[in-house]
Structure formats: C-alpha cells, structure tokens
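**Student:** quick check, what structure comes out for this input:
(one chain, ligands or ions: 2)
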Amino acid sequence: MVTETQHLVEAQKANELGYKTFRLGGYTFERNAYFTVIHYPGGEYHMPVGEFLRAVQRDIGWNFFYGMVKFDQVFGTFNFYDNGVDMFVGKYNDAWQKAGKAYSEMFPNERISATFKAILEDWVPPDFNPWAAPRETGSPFGRKRGGPHPAIFRKRIVTKTMIKEPRTDSTHPVNEAFKGLQGKDGEMKIKPEFRERFGLLNLYDYLARNDVTWNPEIVSAVEYSLFCPTTEEYILPITHGNDRVEWFLLLNGQISMEIRDRDTGVLRAYLHMKPGDCCAMPADISHNLWAPERSMLLVWENGNPELPELIRLGKTPTTPLQEFGLS
Ligand code: PHB
Ligand code: FE
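**Tutor:** Ligands and ions are numbered 1, 2, ... in the order given. Okay, the predicted model is just below:
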C-alpha cells in the first residue's frame, strides 16, 4: 500500500525469510522467524516477534499514548507530543542505566509512525491479529506467508459524546467469553425534538461485543474527562509509564498488576483487582496488567490539552490526592 508518508520510511530489501529490514536514524529493525532484532549504536537487542508486533500495534493505535510505552523492560517510546517521540533502549531500566548502556534518539511523530506502520504492513502475517487474545488468533512466527492481517488498519474509536451506534450480532458478535452475560438496557423517554441529542448504551453489552483486547477507546467525554473502557485478556502488550494521574475501575473478571518505578523499572508492588476495585495511579510509576479471563476495565483519563506543556514545565500533580487538591 502506498501512503503519503512512505517517503519517511527507509526500507531495505527482503531477507531470506521474506521480511524487509527498516532503518530509523541510528536504529535498524530486522525480523526473523521468531524474533525482532533491534540494532542500535550500542549493540543489538532481541524481542520475541509476537510481543514486539502487539506492542507496535498499540503504540500506533494510540498515537504513542500518554508518556512512556515500554515494549518490555528495555525498549520503548516516550511521547513528548509536539516535541517528538523518544525511542529508547535501556534508558528507563536500572541495570542498563548503571551499566552505561542506555541509548535514545528523538524523532518527529510522523517519521516514527510511518516506520512502525510500514513494519506492521510487512511483518504481520495474514493469520495473526495483533489486537486479539492469543486463543483467538494464529501464530506470528515463521517465514513470510502474505499479509498483513487487515486488523492492523483498524482505527481507534473516539467519540465526542456518549456512543450511540448500536453493536449488533452481525457487526459485533458477543465474544465467546461473554456468552450468557446479560446486559439490560434502561429506559429513556425523550421529547421528539431532543431525540438526536440523547443515546442509551449498556456498557456491558457494548464491551461484550468488543473485537479487540487491551485498547482503551473513548466512549464518553465530559470536557477533558475521558472514559476509556476496554476488554482485557492475557497480558497488556506494553508497560505504560504514565505522565499524568490515571484511574482504573474493574467492571468484571480479574486483573493482576505489576507496578514499577517509572524511570528505573524497579518493582514496587503487585495488585490483584477484583470487580468493583478502583485504582488511582500516580504519574511516577509504570504498570503492566495480566487478565487470566476476559475482563472489562474502565480506564479514566485526563485529556486536558494543556497537560503536555504543564508536564514539560513540571507543573502537574504526581499523586491522585494532589490532583484534587487533597494533599
Ligand atoms: C494503561 O496503560 O493504562 C492501559 C493500557 C491499555 C489497557 C488498559 C490500561 O487496555
Ligand atoms: Fe496506564
């Protein structure tokens, strides 16, 4: 597929397994049957290719998200918004820092986006959906056999008001794991002249029909308060190091969370969330999540467009209590 950002991509010809190699500044990305090999000026770093592709898919789907997206404890990106996206190896890892092995390089958003999209297009097999839970999709491994899976082009749902579009059996069948879960609609009586301005959504029914995992999508926005529910299963493909306070409310299922110091990756805590548990997270940690069964999680984000500048100036609160002026 030819896109208008293709001139930003430096691709080299395919290797013996059929996969192209990509250059981005001092980095070179190469894939073999099982691994992604990231060459950088300090050496090379290897990641299992399935984990790598699931993480690239999230980074692209979320436009590098809020703050830091670690693909594992070593490699990742840090979003500095208008100032670009930093790509790092070991920069936020205690051992790599101490060994003096950390490396990073900043790129304009469009350049790193174009390269990651080109990697997905070339490396994702036709039967491997990076958005799906492992039980729902095929293998990322082996030599090139066509592709990419069409799900890589899926656009993130963003609504400005509560979503009204119904999800039906034909467009969004209920996920196998949620068969039998009963969502009950409330009742709404609307004056005809206001019909366009109201909608009724049963969030359980809506999420039971979700066709992706680990993908908070905005279903309601009240000024900058964004409700981003998501369905989870297996492991969050990235570790998120937020640059602002963030809240989770577990709606059903179970989620275990690993919490680390954001800037060193040193472990701080484990949590096991049960339905109804609410978790307020400070802006100086990173978190990774595990869901042993398909679960529904409400992620509550602060989308205030002034935050990037305040973060740059170090003027944003670190803890949830500070955010509400309670400490
Ligand atoms: C998060 O980093 O806060 C996050 C990301 C994806 C999810 C859930 C939480 O599905
Ligand atoms: Fe997060």
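
**Student:** the closest residue to ligand 1 within the stretch 151-300 of the chain: what's it in contact with?
**Tutor:** The nearest approach of the stretch 151-300 of the chain to ligand 1 comes at H240, 2.9 Å away (Cβ to the nearest ligand atom). The C-beta positions use only the backbone N, C-alpha and C, and glycine is treated the same way. Applying Cβ atoms under 8 Å, 6 or more residues apart in numbering, we find H240 in contact with F65, Y66, G67, M68, V69, K70, S286, H287, N288.

**Student:** can we see that at 7 Å?
**Tutor:** The neighbours of H240, taking Cβ atoms under 7 Å, 6 or more residues apart in numbering as the test, are F65, M68, V69, S286, H287.

**Student:** try M47
**Tutor:** Counting by Cβ under 7 Å, 6+ apart, M47 makes contact with F35, T36, F71, D72, F75.

**Student:** ok, now K184?
**Tutor:** N202.

**Student:** my guess is N93 contacts V74, does it?
**Tutor:** Yes - using Cβ atoms under 7 Å, N93 makes contact with V74 at a distance of 5.5 Å.

**Student:** of those two, who's got more company?
**Tutor:** Taking other Cβ atoms under 10 Å, N93 and V74 do not tie; N93 has more neighbours (24 against 21).

**Student:** separation between the more buried one and ligand 2?
**Tutor:** Separation of N93 from ligand 2 (Cβ to the ion, to the nearest Å): 18 Å.

**Student:** tell me the buried residues in the biggest helix by length in the chain?
**Tutor:** Secondary structure of the chain per DSSP state H: the longest helix is helix 109-123. By neighbour count on 16 or more other Cβ atoms under 10 Å, the buried set for helix 109-123 is 109, 111-123.

**Student:** contact residues of this protein facing ligand 1?
**Tutor:** W214, N215, P216, T230, E232, L236, H240, E246, L289, L297, V299 (Cβ under 6 Å from any ligand atom).

**Student:** now with 5 Å, please.
**Tutor:** Residues of the chain lying close to ligand 1 by Cβ under 5 Å from any ligand atom are W214, T230, H240.

**Student:** what about the first one, helix or strand, and which?
**Tutor:** It stands for W214. W214 is located outside every helix and strand, with elements delineated by DSSP states H and E.

**Student:** would you check that it makes contact with Y234?
**Tutor:** No - using Cβ under 7 Å, W214 makes no contact with Y234, being 8.4 Å away.

**Student:** looking at the two, which is more packed in?
**Tutor:** Under the criterion of other Cβ under 10 Å, the comparison of W214 against Y234 puts W214 first, with 23 against 19.

**Student:** look up phi and psi at the more buried one.
**Tutor:** As for W214, its main-chain torsions (degrees, to the nearest 10) stand at phi 50, psi 60.

**Student:** next, count neighbours for F227.
**Tutor:** If we define neighbours as other Cβ under 10 Å, then F227 has 19 of them.

**Student:** quick one, helices of the stretch 51-200 of the chain?
**Tutor:** Shown for the stretch 51-200 of the chain, the helices assigned by DSSP state H, counting those that start in this stretch span residues 94-98, 109-123.

**Student:** any idea which helix or strand carries R23?
**Tutor:** If you go by DSSP H and E, R23 is part of strand 21-24.

**Student:** that strand pairs with which strands?
**Tutor:** strand 10-12 (antiparallel), strand 27-31 (antiparallel) (DSSP bridges).

**Student:** thinking again about what came up before, take the buried residues of helix 109-123 and write them to JSON lines, including pLDDT.
**Tutor:** Formatted as JSON lines, these follow (pLDDT from 0 to 100):
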{"residue": "N109", "pLDDT": "98"}
{"residue": "R111", "pLDDT": "97"}
{"residue": "I112", "pLDDT": "98"}
{"residue": "S113", "pLDDT": "98"}
{"residue": "A114", "pLDDT": "97"}
{"residue": "T115", "pLDDT": "98"}
{"residue": "F116", "pLDDT": "98"}
{"residue": "K117", "pLDDT": "98"}
{"residue": "A118", "pLDDT": "97"}
{"residue": "I119", "pLDDT": "98"}
{"residue": "L120", "pLDDT": "98"}
{"residue": "E121", "pLDDT": "98"}
{"residue": "D122", "pLDDT": "98"}
{"residue": "W123", "pLDDT": "98"}
